[in-house]
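> Just the structure for this:
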Amino acid sequence: MYFKTKIFFYAMALLNGFTNANAQTIQLLNSGTTASIRGLSVVSDKVVWISGSGGTVGKSTDGGATWKMMQVKGFEKADFRDIEAFDAKTAVIMAIAEPAYILRTSDGGDSWQTVYENKTKGMFLDAMEFWNEQSGIVIGDPIENKVFIARTFDGGKKWQELPPQNYPVTDSGEAFFASSGTNVRKLSKQEAVFISGGTKSRLFIRDNKIDLPIMQGKNSTGANSIAIKNNHTFIIVGGDFMAKEDTTQNCCITTDGGKTFTSPATPPHGYRSCVEYIDKNTWLSCGLTGVDVSNDEGNNWQLISKEGFHVCRKAKKGNAVFLAGSGGRIGKLSN
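Numbers count the residues shown, from 1 in each chain. Purely as a prediction, here's the structure:
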């Protein structure tokens, strides 16, 4: 009797997890742009900023119902792969390559100031992360096997490069993917971690470089995104963006701060460029083949949409979750 009861409750738990996952859907929104969007910053349930190709920046102040799209003057050919916004007026955007630029607005996007420029050959910025409204970090692809890092302590008005001797060292063929602005994340009030891909895929945490059980070995493979629940629990996603439906080694989980990793029993459904912690045991992941949700700490993933997205982010102050991708596609998670 005890055995049957235990099996019953286990089955019901699985059923509830499946039902909860399938109750979540993606609502498509009208952005008014056809740009490829990889930068997404959700300030609150109402204020959302996006950035992407063709010098495109967009903003909504009504939870995605309407959007103000803009093209940054003088940067019409720039690809703004990441954006960090603090309110409806203030945002920082990152243009990736040769030269690499960081721009800032304090008037809602009506004007932009160039706050950082780097014309170094091979320079390619990948992602930004902010601990708070003052302190932030930007990382770039290795040049001569040294990871580029710069910091800001005044809300992105000025950026200071780390001394080259302090740059982390990578292996040949190891780099970063500017796919969703989420390969660097804050771990604590003063510490950040980041992940690499390519011929080698690793987690960089403090002075440690930890090999990841993520597909690697080619320029198109490796870790793309990391999400952090607390100091111990991270989920990392990636795969091979040239084999977008392949589920091989596309996700790994650690619950001890990177000492050990496990793979999901049911992985996300293909290559994934972004993962986001939502709440309690729930995580969201997206990529070229759709959107997956896990309600059991990443151990099992359910496909809830076949619409492709590059990035998914939860509101810093609120519960809204937005997604963005190619062709100006913007989505919102609905329960």
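> residues near T56, how many?
Neighbour count for T56, taken as other Cβ atoms under 10 Å: 26. Just so you know, the C-beta spots here come from the backbone N, C-alpha and C atoms, and that holds for glycine as well.
> Who are the contact partners of it?
With contacts defined as Cβ atoms under 8 Å, 6 or more residues apart in numbering, T56 is in contact with T33, A35, I37, I50, M69, M70, Q71, F80.
> go again using 7 Å as the cut-off
T33, A35, M69, Q71, F80 (Cβ atoms under 7 Å, 6 or more residues apart in numbering).
> and the most centrally placed residue in the chain, how far is that from N300?
In the chain, the residue lying closest to the centroid (Cα atoms, centre = their mean) is T182, at 2.8 Å. To N300, T182 is 22 Å away according to Cβ to Cβ, to the nearest Å.
> measure stretch 80-100 end to end?
10 Å (Cα to Cα, to the nearest Å).
> Now do that stretch, average pLDDT.
For stretch 80-100, mean pLDDT is 96.
> Can you point out the buried residues in it?
When burial is assessed from 16 or more other Cβ atoms under 10 Å, stretch 80-100 yields the following buried residues: 80-86, 88, 90-97, 100.
> Go through those and flag which are in strands.
Counted as lying in strands by DSSP state E, out of the buried residues of stretch 80-100, are F80, R81, D82, I83, E84, A85, A91, V92, I93, M94, A95, A100.
> can you pull the contacts of the first one?
So that's F80. G39, S51, G52, T56, V57, I93, M94, A95.
> how many neighbours does L103 have?
Count around L103 with other Cβ under 10 Å applied: 25.
> With distance to Q27 as new columns, can the ones in strands among the buried residues of stretch 80-100 be given to me in CSV?
Shown next, in CSV, are these (distance: Cβ to Cβ, whole Å):
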residue, distance to Q27
F80, 24
R81, 25
D82, 24
I83, 22
E84, 25
A85, 21
A91, 24
V92, 28
I93, 26
M94, 28
A95, 30
A100, 35
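> Of all pairs in the residues you listed, which one spans the longest distance?
A85 and A100 (19.7 Å; Cβ to Cβ).
> got the residue ranges for the strands in the stretch 151-300 of the chain?
160-161, 174-175, 184-186, 192-195, 197-198, 202-205, 208-211, 221-228, 234-240, 251-254, 274-279, 282-287, 290-294 (DSSP state E, counting those that start in this stretch).
> Would you tell me which one of the ones you listed is buried the most?
Ranked by mean neighbour count, the strands of the stretch 151-300 of the chain are led by strand 234-240 with a mean of 28 (mean count of other Cβ atoms under 10 Å).
> Adjacent strands (with direction) for it?
strand 221-228 (antiparallel), strand 251-254 (antiparallel) (DSSP bridges).
> okay if I get these as a markdown table plus mean pLDDT and distance to G238?
Shown next, in a markdown table, are the strands paired with strand 234-240 (pLDDT from 0 to 100; distance: least, Cβ to Cβ, whole Å):
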| stretch | mean pLDDT | distance to G238 |
| --- | --- | --- |
| strand 221-228 | 98 | 4 |
| strand 251-254 | 98 | 8 |
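> Run through the stretch 151-300 of the chain and note the low-pLDDT ranges.
Applying pLDDT under 70 to the stretch 151-300 of the chain flags no residue at all.
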